[in-house]
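1. Next come a sequence and a model predicted from it.
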2 protein chains.
Amino acid sequence: MRVSFLKRVLVGPPMPLAQARHERLGKSIALAVFSSDAMSSVAYATEEILLILVLAGAAAAHLANPIAVSIAGLLIIVAISYQQTIHAYPNGGGSYIVAHDNLGTVPGLVAAAALLVDYVLTVAVSVAAGVAAITSALPSLQGYKVVLGVLFVAAIALANIRGVRESGRIFAVPTYFFIVSFGVLLVGGFYRMVTGTLEPVTEPPPAAMEALTWFLVLRAFSSGCTAMTGTEAISNGIPAFRAPESRNAAITLAWMAGILATLFVGLTVLASALHVLPSDTETVVSQIARRVFGSGLLYYLIQAATALILVLAANTSFADFPRLSSLLARDRFVPRQFATLGERLVFSNGILVLAGFAALLLVAFRGETHALIPLYAVGVFISFTLSQSGMVHYWWTRRGPGWRHRLAINGTGALATGIVTIVIAATKFTHGAWIVVIVIPMLVVTFLAMHRHYEEVAEALTLDGLEGPPEFQHTVLVLVGDVHRGVVRAVQYARTLAPNATVRAVYVETDPGRTAKLEEKWGAWGLGVPLVVLTSPYRSLLRPLLDYIDHIQARGDDQMVTIVVPEFLPRRWWQHVLHNQTALLVKGALLFRKNTVVADVPYLLKR
Amino acid sequence: MRVSFLKRVLVGPPMPLAQARHERLGKSIALAVFSSDAMSSVAYATEEILLILVLAGAAAAHLANPIAVSIAGLLIIVAISYQQTIHAYPNGGGSYIVAHDNLGTVPGLVAAAALLVDYVLTVAVSVAAGVAAITSALPSLQGYKVVLGVLFVAAIALANIRGVRESGRIFAVPTYFFIVSFGVLLVGGFYRMVTGTLEPVTEPPPAAMEALTWFLVLRAFSSGCTAMTGTEAISNGIPAFRAPESRNAAITLAWMAGILATLFVGLTVLASALHVLPSDTETVVSQIARRVFGSGLLYYLIQAATALILVLAANTSFADFPRLSSLLARDRFVPRQFATLGERLVFSNGILVLAGFAALLLVAFRGETHALIPLYAVGVFISFTLSQSGMVHYWWTRRGPGWRHRLAINGTGALATGIVTIVIAATKFTHGAWIVVIVIPMLVVTFLAMHRHYEEVAEALTLDGLEGPPEFQHTVLVLVGDVHRGVVRAVQYARTLAPNATVRAVYVETDPGRTAKLEEKWGAWGLGVPLVVLTSPYRSLLRPLLDYIDHIQARGDDQMVTIVVPEFLPRRWWQHVLHNQTALLVKGALLFRKNTVVADVPYLLKR
């Protein structure tokens, strides 16, 4: 009673299917809805590049600029490549669908596994970075990173289980707040840089720990590539756009890529100019904002905008993960529960699984963004590569108008992202990417095993070729430990329900001294049902019973044994502990036994 | 399969009831069997007295001698008093039986609760002290006290679940080894004291923390009274003696009291003479032995004897606790499982509960004897007092030959132990005794509640006044989620088992789009059983089903509804996760519902 009340308060009342509705979004709202994940990486991507570069000393930090520019270039290649997908798959061209359709089942599942892993990481990384934005502004919360992170995940999950309707306006506010406030930060920063009023950091730079090798530069590049996660969001959501859907989606994608590239490169240039270096207690963005604006209201607005967009980015995964896992469930690659619409018309199971894993990652990696980053982006780039390769195959087989041109674009995208995938996996392998490299194939193998199982079940259960219903010979055994009203009731139940079956009462004798008295009572109250006494020299209840059932079923495959178990219904929950232990034991042993049915007959104790 | 193999290796094969046997013990073996608990307290009682006295400075330590002598006097009073009980209750006169018989149910239960609590504490204190004896000799194990203690408890519990036959010889070895080696220690110590070759401790004594008040002296006395735990063991075990049982038991009790008093007082006098004071890392006994013998072989023998007798003392509780709880279960004051003989002819549940609580105490009190001592002895003295008071009542009502004399003896015992009970509870109250003072009444209340419940059940189940078996109107509902072989089988099961019942298939419609197709399939494969479609606008499976059952049962108290749930039997355990979720949900909701029977019909997937 109380549990369900709590559930109602937290989750809200159930919603009828008729309430399911779909809102069509204009371009400016759609930009806000679909780009929070991508945009939000501006909050940490620069910092992650610097974090690797400064291993080779502060002087290496200037390399952040060319790295950021090349990532921006890569982003533009991927965006153009994805515009093709948008036109080819107007009903939604997620990597799973595109890879599955064009390359086959396994590539599709690899893309799906990679994406699922990355959705979990998006939640963990975004929440960790959002918490870092908060603790940078309010250092007294420094010690509560993990707790805050887990609470954020729980709150976002709860909101999604209630069913966040994608009412664009709510999403528009934080996204545009973020774009505008970071725009102001860049303009202000560059203005003060040009006018020479900006004071660079003068703290002593850290000593070099490693040599500045190509490998280190590539590792920094890999870390920066986290900026590109979320680029695929628009191609998943095409049906949500107003008509003409594909055209509007493609335009929005261009806008998103442009804004993201500008913010990311701009922020990186500012960081270099200010000689800002990563610190344990304050994010790079926070340091830049403090230097440009001072520690006033504008600074706190930047931090608030960062935290908000990061929470929103995490929220995006809570739409994507359940959607993708429901697609996999419909194709029978994951348990069908992922395709079940909950009371509030959302895929609650996907939401819960995502939240669980994300919280686990936050705890395991102590809520540190830097620790999670090496695991991140591998999955996204695998899915980019598979999706673009799928598009290459698409054009090659279809050869519609302008196919050579389109194939070239997607080919370039596939090649670029393929190379970057290898670079990321190689440079971050020992820092954590190996986990992802192991998990993805494990997931794919699991998907295939589940699929095979579901196929086998469907085959075993098919009605094709079924020749009439099976014949059964029924035996009904009433378990008797003592003779009392509950037992008399159970015997009466058995003999009136199954008048044609062989009905027996079965007593397992653990103490021979009691048997005679019991048999005498049975004579008076047994309702004419024969009593079978099974001896049990070792006082085991189960063994003699199982042997007896075996004995009956040895007569043939048509022997169906129904075990009737009398159970008490006590008045209070704690009284259950005092009864029904035998019933529980018997049910546990017989529950999954061929041709054996267990039936509980309750006996209500006076209330 | 593997679990049961492991169980066989650890616990051994089951034993038939015919193997139960009883060995009769001669006096010398009986002394060893029944006195380990009492004797073993010599290992810590002196130390616990000193520990309190030195709070008032090293000079107060000399008061240990008069305290030890008065405890020895108390011991002799109690022993003489118990000799009366032995003669009056030749079949075993434990405190529960004596108090219950003579004073009534509640005093009996108070004695039982006090004893159960003290048995748990005996295990915890003895094991903690045994571990201290080991770590005194081998200081490198100092950091593993809790782990060692819990391992000891587990090992003793396992040995008892296997069924330690009380074959006296095994017990005789460590007990006599202890008596002899401590005898040698005393003789050696006093010889060297008299010849003046003993060097007293010269370390600077600790500063006084408290004033030397009467309260402090009484607290030291209370701590020393732990020496008397286990005195009642012989009176529980009279039937194990050779004839004449009572006489032999009484003589053995006298021997035990004499040896215990001698060792205890002797050791305390030696400690005073040597100016030995308690230390964090070495027990008092270890310090004495080191000074008398040096750190040679004899020293290690003393430590080994101490550890052995303490383990044996803990083992005594593993006989007493299950025996007392089985008596309580037979009288229906605790769950009946405590009276169930396990496969190895021991009361396994009592053993497990005792081991669990003792391990819990060791962990909670970090394996420190000193921390556990304030909780100890309160229970024993409560049971002494009740038992002796019961004997007073016994003589008063019977008035056999010499009753005045006997009443006087037991009256003295009752008075003395009653006063000491109050002294112990008062002086140790704030140091932990309050826990016991709260727990004992809570246990008694629980015993009474369980008893009332069992009485109510017996009354509700009685066959007296039962007028013929109940009449049932049977409805059988087969739950259908889809039409496949498993469902066809379940329908066939229902209609052949219950030919006279109203059989219906029930389908809860969560997606109206599927219903028409299902109904069509049903037409072909439904075996003529009508299909009831329950609409569920909120996609809940349970609500419409429960409403439908309510609807049927509203017709009258004779309506019996049997829910047939088709379940899969997958090939591998993990595949269960992929199925049967609905079945589990339905069973959970219906299991304890009046007039509602749940029957699982398994469908075996091809193997």
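-> Arrived safely.

2. Thought residue A:506 was touching residue A:477, still the case?
-> Yes - in terms of C-beta atoms under 8 Å, residue A:477 counts as a neighbour of residue A:506; the distance is 4.9 Å. Just so you know, the C-beta spots here come from the backbone N, C-alpha and C atoms, and that holds for glycine as well.

3. any shared contact partners between these two?
-> A:532, A:548 (C-beta atoms under 8 Å, 6 or more residues apart in numbering or on different chains).

4. Just want to know which of these two has more residues nearby.
-> Just comparing residue A:477 and residue A:506: by other C-beta atoms under 10 Å in any protein chain shown the higher neighbour count belongs to residue A:477, 22 against 19.

5. Pull up the pairing partners for the helix or strand where the more buried one lies, direction included.
-> Following DSSP states H and E, one finds residue A:477 within strand A:473-480. Note on strand A:473-480: by DSSP bridges, its sheet partners are strand A:502-509 (parallel), strand A:559-569 (parallel).

6. C-alpha coordinates for the next helix or strand along the chain from the longest one, CSV please?
-> On the C-terminal side of strand A:559-569, the nearest following helix or strand under DSSP H and E is helix A:581-590. Output for helix A:581-590, consisting of C-alpha atoms alone and laid out as CSV, is shown next (Å, rounded to 0.1, in the frame of the first residue of the first chain):
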residue,chain,number,x,y,z
GLN,A,581,8.8,-22.9,5.2
THR,A,582,8.0,-26.4,4.0
ALA,A,583,5.7,-25.0,1.3
LEU,A,584,8.5,-22.7,0.1
LEU,A,585,11.0,-25.5,0.0
VAL,A,586,8.8,-27.8,-2.0
LYS,A,587,7.9,-25.1,-4.4
GLY,A,588,11.5,-24.2,-5.0
ALA,A,589,12.4,-27.8,-5.7
LEU,A,590,9.4,-28.5,-8.0
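
7. what does helix A:581-590 rub up against?
-> A:479, A:481, A:541-542, A:545-546, A:549, A:563, A:565-567, A:596, A:598, A:600, B:337.

8. and with 7 Å instead?
-> Contact partners of helix A:581-590, identified using C-beta atoms under 7 Å, 6 or more residues apart in numbering or on different chains, comprise A:479, A:481, A:541, A:542, A:546, A:563, A:565, A:567, A:596, A:598, A:600, B:337.

9. Go through it and flag the buried ones.
-> For helix A:581-590, a neighbour-count test (16 or more other C-beta atoms under 10 Å in any protein chain shown) marks A:582, A:583, A:586, A:587, A:589, A:590 as buried.

10. cool, stretch A:359-375 as well?
-> For stretch A:359-375, by 16+ other C-beta under 10 Å, it's A:359, A:361-362, A:365, A:367-375.

11. now that stretch: mean pLDDT?
-> Averaged over stretch A:359-375, pLDDT sits at 88.

12. Show me how far that stretch is from its chain's centre.
-> Its chain's average C-alpha position is 16 Å from that of stretch A:359-375, according to C-alpha atoms, centre = their mean, to the nearest Å.

13. show me the contacts for the closest residue to residue A:121 other than its chain neighbours.
-> The shortest distance from residue A:121 to any non-neighbouring residue, by C-beta to C-beta, 6 or more residues apart in numbering or on different chains, is to residue A:376 (4.7 Å). Counting by C-beta under 7 Å, 6+ apart, residue A:376 makes contact with A:121, A:125, A:226, A:229.

14. tell me which of those residues is nearest to chain B?
-> Nearest to chain B, judged by C-beta to the nearest C-beta, of the contacts of residue A:376 is residue A:121 at 24.7 Å.

15. Look at that closest one and say how many residues are nearby.
-> Neighbourhood size, residue A:121 [other C-beta under 10 Å]: 25.

16. picking that back up, go back to the buried residues of stretch A:359-375 and keep what's next to chain B.
-> When contact is defined as C-beta under 7 Å from any C-beta of the partner chain, the buried residues of stretch A:359-375 do not meet chain B at all.

17. between those, which is nearest residue B:332?
-> Closest approach to residue B:332 among these (C-beta to C-beta): residue A:359, at 47.0 Å.

18. isn't there a helix covering that closest one?
-> Yes - per DSSP: H, G, I helix; E, B strand; the rest coil, residue A:359 lies within a helix segment.

19. And the residue of the stretch 201-350 of chain A that's closest to chain B?
-> Here the stretch 201-350 of chain A gets closest to chain B at one residue, residue A:335, 5.2 Å apart by C-beta to the nearest C-beta.

20. What's the local residue count around that residue?
-> A count of nearby residues for residue A:335, using other C-beta under 10 Å, gives 19.

21. Quick check: phi and psi at it.
-> In terms of degrees, to the nearest 10, the main-chain angles of residue A:335 are phi -50, psi 140.

22. re the thing from before, quick one: which of the contacts of residue A:376 has the most company?
-> In terms of neighbours by other C-beta under 10 Å, those top out with residue A:125 at 32 neighbours.

23. what's near enough to touch that residue?
-> By C-beta under 7 Å, 6+ apart, the residues touching residue A:125 are A:369, A:372, A:373, A:376.

24. and what of residue A:208?
-> Residue A:208 neighbours (C-beta under 7 Å, 6+ apart): A:56, A:57.

25. Surely it forms part of a helix?
-> No - Residue A:208 sits outside any helix when classified using three-state DSSP, being coil.
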